[in-house]
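Colleague: Generate coordinates for the sequence data below:
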Amino acid sequence: MLSPLFTCALSCYNLPMTGIVDYNAGNITSLERALRAVGAPYIRSRNPGDLEGADRLIFPGDGEAGYAMEQLSLSGLDSFIKDWVSAGKPLLGICIGSQIIFDWSEEGGTRCLGLIPGTIRHLSGLWKERHPTEREHGEYAMLRPSLKIPHMGWNDVSFCNGGTMLSDGVDDHTDFYFVHSYVIQPDDPCVIKGYADYGAMIPAMVEYGSITAFQFHPEKSGGPGLRLLRNFVREDLAAV
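Modeller: Numbers count the residues shown, from 1 in each chain. All right, here's what the predicted structure looks like:
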């Protein structure tokens, strides 16, 4: 986190800055380390007023959808993020932040932010739909014993629908680090810009208007992940 003095200096001189939405969702420290590694100025806060002057927002986190939405509501960040996107400002969602930007999640039957039309499904339900009978599902489980829930570890991402501008300089089929049990299911498949195979298609990158979201953790994905984050803040880096 930037010191108050440095944050004030950035604001006073109209220098660009990334805002990190802090809503007790965990895993933010590793994102801060990644932004420091690429040289991006940032401010981390759970107060919407502190984030208003940022040029772009990152909406990260691990955890459970219902708890995340409760924390966003208590702080007023839910309305702030909706207004931010309505104004066409750039937002990057990571992990749970890539999920609760959709309409509704099966996790706790949670109504989410509704920024992108779609739902969040449990991975087991997608496997069942792919192998609907007990015999097919059982045979599938025997053939793929390595597939566990949560989907945890490295998996390669294939670009589709033209990819996203943030993937500039990142090779197709690059491995990224995943940790999740629930899966993004957009109403419009064209918003999917990259996917992984884990017994079903896992939308790994989505883009909709000013929103880009990664189901995986770029901040835990080594050089390629840092490249994605650097691409997100590249205008800021050019101005600092």
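Colleague: CA atoms only: put stretch 168-180 into PDB for me.
Modeller: Output of stretch 168-180 as PDB, limited to C-alpha atoms (Å, rounded to 0.1, in the frame of the first residue of the first chain):
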ATOM      1  CA  ASP A 168      -0.800  -8.700 -25.700                       C
ATOM      2  CA  GLY A 169       2.600 -10.300 -25.500                       C
ATOM      3  CA  VAL A 170       1.300 -13.500 -23.800                       C
ATOM      4  CA  ASP A 171       1.400 -16.700 -25.800                       C
ATOM      5  CA  ASP A 172      -1.700 -18.800 -26.400                       C
ATOM      6  CA  HIS A 173      -1.800 -21.900 -24.200                       C
ATOM      7  CA  THR A 174       0.200 -20.200 -21.500                       C
ATOM      8  CA  ASP A 175      -0.200 -21.800 -18.000                       C
ATOM      9  CA  PHE A 176      -1.900 -19.700 -15.200                       C
ATOM     10  CA  TYR A 177      -2.600 -20.600 -11.600                       C
ATOM     11  CA  PHE A 178      -6.300 -21.400 -10.700                       C
ATOM     12  CA  VAL A 179      -8.000 -21.900  -7.400                       C
ATOM     13  CA  HIS A 180     -11.800 -22.200  -7.700                       C
END
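Colleague: Need the contact partners of that stretch.
Modeller: With CB atoms under 8 Å, 6 or more residues apart in numbering as the test, stretch 168-180 has contacts from 62, 95, 99, 123, 150-159, 196, 198, 202, 204, 214-218, 220-221, 224-225, 227-228, 231. Just so you know, the C-beta spots here come from the backbone N, C-alpha and C atoms, and that holds for glycine as well.
Colleague: Could you do stretch 72-86 as well?
Modeller: If you take CB under 8 Å, 6+ apart as the criterion, stretch 72-86 is touched by 21, 23, 46-48, 51-52, 57, 59, 69, 71, 91, 100, 113-115, 209-211.
Colleague: Point to the helix or strand of this structure where mean pLDDT is at its lowest.
Modeller: Lowest by mean pLDDT, DSSP states H and E among the helices and strands of the chain is helix 4-12, with a mean of 41.
Colleague: ok so, going back, from the contacts of stretch 72-86, which land in strands?
Modeller: Among the contacts of stretch 72-86, the members falling in strands (DSSP state E) are 21, 57, 59, 91, 211.
Colleague: For these, give me TSV that also has distance to residue 180, neighbour count and pLDDT.
Modeller: Putting the ones in strands among the contacts of stretch 72-86 into TSV (distance: CB to CB, whole Å; neighbours: other CB atoms under 10 Å; pLDDT from 0 to 100) gives the following:
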residue	distance to residue 180	neighbour count	pLDDT
21	19	26	97
57	21	23	98
59	15	29	97
91	19	24	98
211	18	22	98
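Colleague: shaky segments in this structure?
Modeller: Along the chain, the parts satisfying pLDDT under 70 run over 1-14, 140-143, 239-240.
Colleague: Could you pull out the helices in it for me?
Modeller: Taking DSSP state H, the helices of the chain run over residues 4-12, 28-38, 48-51, 65-75, 77-86, 96-99, 123-130, 134-143, 222-232, 234-239.
Colleague: Tell me what the residue most central in space within the chain is bridged to.
Modeller: The residue lying closest to the centre of the chain (CA atoms, centre = their mean) is residue 94, at 1.9 Å. Note on residue 94: beta-bridge partners by DSSP bridges are residue 214.
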